[in-house]
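In: sequence first, then the predicted structure, then my questions.
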Amino acid sequence: MSRSISIAKGSCALLSQNTRPASFAVKPLLSQWQGRNSSHSPMGGVGGNLRKKITLNTIRTLYKKGEPITMLTAHDFPSGHVADAAGIEIVLVGDSLAMVAMGMEDTSEVLLEEMLLHCRSVSRAAKTSLIIGDLPMGCYEIAPEQALESAIRVIKEGRVHGVKLEGGIEMAPTIKKITTAGIPVLAHIGLTPQRQNALGGFRVQGKTAAGATKILEDALAIQEAGAFATVLEAVPAEIAALITKKLSIPTIGIGAGNGCSGQVLVQVDMTGNFPPGRFIPKFVKKYGDVWSESMKAIEAYRDETKSRAYPAPEHTYPISKEELAEFERVLGYQDV
Ligand code: KIV
């Protein structure tokens, strides 16, 4: 049987599997997707060894065991793919993608439709992580019914497993509405970036006993409303640890110290995928230097293209001497 794969940019040239050079031979068991991928497909040649799917039960088990829960943002197919492959338990399609993927000033600009597009891309890649999609500002605050409608869209159209929304006590009826409909909710309290204007900017929360008490009240209310966990952002470590101890659901900290039940970071921050000199918050640890690596590779490609060092013979497709000679004859370059 002859199967076809698309191999070329733009032209979409097709190669018959029967006539493919050996390097194109399909290797058995490599991937459930292999064989129907274009050569540009990020899934080409990978995808085996899938770990067991992470569910809410997995998260509860980790929490009960006291094992820290790992959460990382992803905003597209490649970032979802690598987070999943690295064994991250919860992949968050956070509305921080407004800045890191769309170049917006802040999260208030991103639309639900745009979030849905990014959620779908991540969900195609992250086959085993629990995927949570952020509800962007404006699609859930008006009424619990509005929030439920938006949450249903994020599940049905975004293809994720649960939603995240910002807010404490005032959001409890909304969280109850969504969870009662069978949609897992991850809450987000402490510093809530969607409300940065009301908070007077990106400020650490809970720095006074009264402030910390308010965060605890928020945490208890969202727990009671059915949230399966909560993000705790920009809170002094001691306060976050004390609040964590008072709860029976996990806290996922970001800028909230080591006493939380898990941690979350924005992927471009922790992989160092940004130019030198950019501001990074105090809590971010830069585990890599993806920007420099990409820069090095792209500059080398640029230089080798300019000097014609690339592509080398090993990057080109072979043709038999006879066929080449025939083509040259057709063009009148060679006497026969
Ligand atoms: O949008 C986001 O990425 C987030 C995380 C930083 C928690 O909300």
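Out: Nice, I can see it.

In: isn't Gly211 right up against Gln205?
Out: Yes: between Gly211 and Gln205 there is a contact at 6.1 Å, judged by CB atoms under 8 Å. For the C-beta atoms, the positions are set from N, CA and C on the backbone; glycine is no exception.

In: which of the two has more neighbours?
Out: Neighbours per residue (other CB atoms under 10 Å) separate Gly211 from Gln205, with Gln205 holding more: 23 against 16.

In: on the three-state scheme, the more buried one is what?
Out: coil (DSSP: H, G, I helix; E, B strand; the rest coil).

In: which non-adjacent residue is nearest it?
Out: Residue nearest to Gln205 in three dimensions, not counting chain neighbours: Gly190, with 4.6 Å by CB to CB, 6 or more residues apart in numbering.

In: quick one, phi psi at that neighbour?
Out: With angles defined as degrees, to the nearest 10, Gly190 sits at phi 90, psi -130.

In: distance of it relative to Ala256?
Out: Taking CB to CB, to the nearest Å as the criterion, Gly190 is separated from Ala256 by 7 Å.

In: between those two, which contacts overlap?
Out: Counting by CB atoms under 8 Å, 6 or more residues apart in numbering, the common neighbours of Gly190 and Ala256 are Leu232, Glu233, Ala234, Val235, Ala240.

In: got the contact list for the third one?
Out: Applying CB under 8 Å, 6+ apart to Ala234 gives the contacts Gly190, Leu191, Phe202, Arg203, Val204, Gln205, Ile254, Gly255, Ala256, Phe283.

In: same check on Glu109?
Out: For Glu109, the contacting residues are Ala98, Met102, by CB under 8 Å, 6+ apart.

In: residue numbering should commence at 413 henceforth.
Out: With the count now opening at 413, the last piece we talked about shows up as Glu521.

In: what is the strand or helix carrying Ala495 packed up against?
Out: Here Ala495, judged by DSSP states H and E, is contained in helix 489-497. Contacts defined by 3 or more CB pairs under 8 Å, 6 or more residues apart in numbering; DSSP states H and E place helix 489-497 against strand 502-505, helix 524-537, helix 679-682.
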